[in-house]
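Q: Sequence and predicted model, in that order:
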There are 4 protein chains.
Amino acid sequence: MQKVLVLYGSSRENGNSEKLADRVVEGLGATKIYLREHAITPIHDKRHTEEGFQPVDDDYDSIVHQMLAHDVIIFATPVYWYGMSGIMKNFIDRWSQSLRDRSLSFKEKMGHKTAYVVMTGYDQAKLKGLPLVQQFQHIFEFVTTTYGGYIIGEGNKPDDILVDESALFEADKLNRRLRGETAQ
Amino acid sequence: MQKVLVLYGSSRENGNSEKLADRVVEGLGATKIYLREHAITPIHDKRHTEEGFQPVDDDYDSIVHQMLAHDVIIFATPVYWYGMSGIMKNFIDRWSQSLRDRSLSFKEKMGHKTAYVVMTGYDQAKLKGLPLVQQFQHIFEFVTTTYGGYIIGEGNKPDDILVDESALFEADKLNRRLRGETAQ
Amino acid sequence: MQKVLVLYGSSRENGNSEKLADRVVEGLGATKIYLREHAITPIHDKRHTEEGFQPVDDDYDSIVHQMLAHDVIIFATPVYWYGMSGIMKNFIDRWSQSLRDRSLSFKEKMGHKTAYVVMTGYDQAKLKGLPLVQQFQHIFEFVTTTYGGYIIGEGNKPDDILVDESALFEADKLNRRLRGETAQ
Amino acid sequence: MQKVLVLYGSSRENGNSEKLADRVVEGLGATKIYLREHAITPIHDKRHTEEGFQPVDDDYDSIVHQMLAHDVIIFATPVYWYGMSGIMKNFIDRWSQSLRDRSLSFKEKMGHKTAYVVMTGYDQAKLKGLPLVQQFQHIFEFVTTTYGGYIIGEGNKPDDILVDESALFEADKLNRRLRGETAQ
């Protein structure tokens, strides 16, 4: 049975990206991590120092362990300034540290996962959100994670997403697919 | 006389993006802000709450005031995971708050500025860094800032950038252009 | 009442992009032009010559006149090598000639139209077709045409598109929207 | 010794992309093919028909044989409507036919080549030409050709390219690299 994790990147509760992702995982018993509720320090790049990366006393390690323990990872983020939210970016930036932590086998484990991106934005999100879709393409390619697909919802004010028929259709379709997989 | 500001997004000192940007502004008396030395809280999206955005006790306001007081803004960032660094993204995310602070006239002032992006990365940065170039295109378009240009350097290990002839050529060329402008 | 035109860029009959576009315009009385049935000479760039562009004896003028006489233009193309088909590109390249033909008021008229892109492809069309989505964004921006949206269908073998639920959903939704508009 | 081929996609003689590419191959004894001087019929997609692709009586086969006999291929094209020229696209579209011609070993041979893209355009070519850079990325990836790099020159009127210092610098640098390789 496939284990599904949602990483929520929004800074506010019940935002559009959160609601859309919730619809994707409805009834799946997914693990939900709200990045805004955790302390994740921005990366301090120590790749080229003698001492290397040092342990950081924050919630990153715990979250990355959870991520590695799931099969399907859903990155749910509002489109902030045509990119993922800063708190989600801080999380992903830290992967550079995990890549160098041999005890994690980070890349190898990521290579067995499937990732989806659920994003919502306004100002022509379906056009201007495309660089973010492509950024994730490069990210997943680097860690050899399968890019299962993406959903771009349009919304600005609370609950706008609930009238975006296309996004809801895609969310429901992905839900059915994941149900099929998680039932296996 | 044009006033030039560099915003450094790297998490480490003397990194490749920093050296490349320093070459761009050599002799220009540019103001230099190292985002890693400042506390910038990730945005808490309060656009749709009754109380609206609340003052945050960190260094953001001071930096944004400095940014608004310059004519040319150089965004210098390493390409972390095919995007700008999380600390730079945290800074830009907060612009949403500034947009709603009428005392700033944020968008109007940004509309009179010219921005450049100086980025360095590896793993085919000149191809896989393109979504970041495009993201900045949408960002600057939104605030009606002129996108003066971008330089993509290739480098991973310290000082790699010093052998990237193309990036150095572009940096020197931009330096001459800015010298001409700042001399006016 | 809105007049709808479909420009089909496929080289074969009843291909996936054709079927998807047909579903978009079902019942709308749309004009249909199959570019493959027409002779359209590649552009010969004469912008910088003394004599300027010369009349070309082919079907281009007739098609461009039809295009200008419609309100909604649907560009239906298979994704060939991650771009529009060569025959559709040949047609669009010739717009450079029309831009210089004052009798057409080409740009002004295009500025009053809404365009949609319907494309089908395989090899991860929803990711690797994105440069084509963005190319059309720049094209429409240049002639100030409203970019109403795009549909990316996945299909390779004949009729694959008929099982792409997402593409069919989008096609039906766009059909309803256009019906609403054409009924006005 | 490396054999270099330039495929010129411009519709006019001595255009900017041609001059820039000529600078890239100066002194290299490169083979030069001007696509505008050849008859290349747009692809007729016969992949899914019983008879399959049929021989076409035009210059395509001859050109593709020459391409396969070289080690380095330079695609030189003006940016027409934010893409490669229609005549170059017609040529590439036909690769679908070559892929199915077992006598060619098309993909295998392409996998041993290195390709460069030399493009010139105006209207912010260094930003709006990026979808074309990405399209070539997908094209080369598909045929497993090494993407050696790209040069985006800015130019509209004849000889504009001769004052684009950056493009000339890149052209000269690539020339030196290719000289080194062809001398081996």
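A: Received, thanks.
Q: Quick check: residues of chain A near chain B?
A: Contact residues, chain A versus chain B (CB under 8 Å from any CB of the partner chain): A:10-12, A:15, A:36, A:42-46, A:48, A:78, A:80-87, A:89-90, A:92-93, A:95-96, A:123, A:128, A:130-132, A:134-135, A:138-139, A:142, A:157-158. (C-beta placed from N, C-alpha, C; glycine too.)
Q: Just the buried positions in stretch A:33-50, please.
A: For stretch A:33-50, the neighbour count (16 or more other CB atoms under 10 Å in any protein chain shown) marks A:I33, A:Y34, A:L35, A:R36, A:I40, A:P42, A:I43, A:H44, A:D45, A:K46 as buried.
Q: Show the buried residues in the residues of chain A next to chain B.
A: A:10-12, A:15, A:36, A:42-46, A:78, A:80-87, A:89-90, A:92-93, A:95-96, A:128, A:130-132, A:134-135, A:138-139, A:142, A:158.
Q: Among the residues you listed, name the ones in helices.
A: A:86-87, A:89-90, A:92-93, A:95-96, A:128, A:130-132, A:134-135, A:138-139, A:142 (DSSP state H).
Q: which residues does the nearest residue to A:T41 once chain neighbours are set aside contact?
A: Spatial nearest neighbour of A:T41, excluding adjacent residues (CB to CB, 6 or more residues apart in numbering or on different chains): A:D58 at 4.9 Å. By CB atoms under 8 Å, 6 or more residues apart in numbering or on different chains, the residues touching A:D58 are A:H38, A:A39, A:I40, A:T41.
Q: could these go into CSV alongside secondary structure and pLDDT?
A: Shown next, in CSV, are the contacts of A:D58 (DSSP: H, G, I helix; E, B strand; the rest coil; pLDDT from 0 to 100):
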residue, secondary structure, pLDDT
A:H38, coil, 97
A:A39, coil, 95
A:I40, coil, 96
A:T41, coil, 95
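Q: Out of the residues you listed, which comes closest to D:Y147?
A: For those, the closest approach to D:Y147 (CB to CB) belongs to A:I40, at 35.0 Å.
Q: Verify the stated contact: the closest one with A:Y60.
A: Yes: using CB atoms under 8 Å, A:I40 makes contact with A:Y60 at a distance of 5.1 Å.
Q: Overlap of the contact sets of the two?
A: By the contact definition CB under 8 Å, 6+ apart, A:I40 and A:Y60 are jointly contacted by A:F91, A:R94.
Q: what is the rounded mean pLDDT of stretch A:132-143?
A: On average, the pLDDT along stretch A:132-143 is 98.
Q: Figure out how far that stretch is from the centre of its chain.
A: Taking CA atoms, centre = their mean, to the nearest Å, one finds stretch A:132-143 lying 11 Å from the centre of the chain it belongs to.
Q: That stretch near chain C at all?
A: Yes: Stretch A:132-143 comes into contact with chain C (CB under 8 Å from any CB), by way of A:V133, A:Q134, A:Q137.
Q: list the contacts for the closest residue to A:P158 other than its chain neighbours?
A: Among residues not flanking A:P158 along the chain, B:H48 sits closest, at 5.2 Å (CB to CB, 6+ apart). By CB under 8 Å, 6+ apart, the residues touching B:H48 are A:R12, A:K157, A:P158.
Q: cool, and A:Y147?
A: Counting by CB under 8 Å, 6+ apart, A:Y147 has contacts A:T114, A:A115, A:V117, A:F136, A:Q137, A:F140, A:E141, C:L127.
Q: check those residues against chain D, which are close?
A: With CB under 8 Å from any CB as the criterion, the contacts of A:Y147 include none near chain D.
Q: filter those residues to the buried ones?
A: Neighbour-count burial (16+ other CB under 10 Å) is assigned, among these, to A:T114, A:A115, A:V117, A:F136, A:Q137, A:F140, C:L127.
Q: How many residues are close by A:F75?
A: The burial count assigned to A:F75 is 24, neighbours taken as other CB atoms under 10 Å in any protein chain shown.
Q: Let me see the contact set for it.
A: So A:F75 contacts A:L7, A:G9, A:M84, A:M88, A:A115, A:Y116, A:V117, A:V118, A:F136 (CB under 8 Å, 6+ apart).
Q: Pick out whichever of these sits closest to chain B.
A: A:M84 (7.5 Å; CB to the nearest CB).
Q: Quick check: closest non-adjacent residue to the closest one.
A: Spatial nearest neighbour of A:M84, chain neighbours left out: A:T77 (4.4 Å); criterion: CB to CB, 6+ apart.
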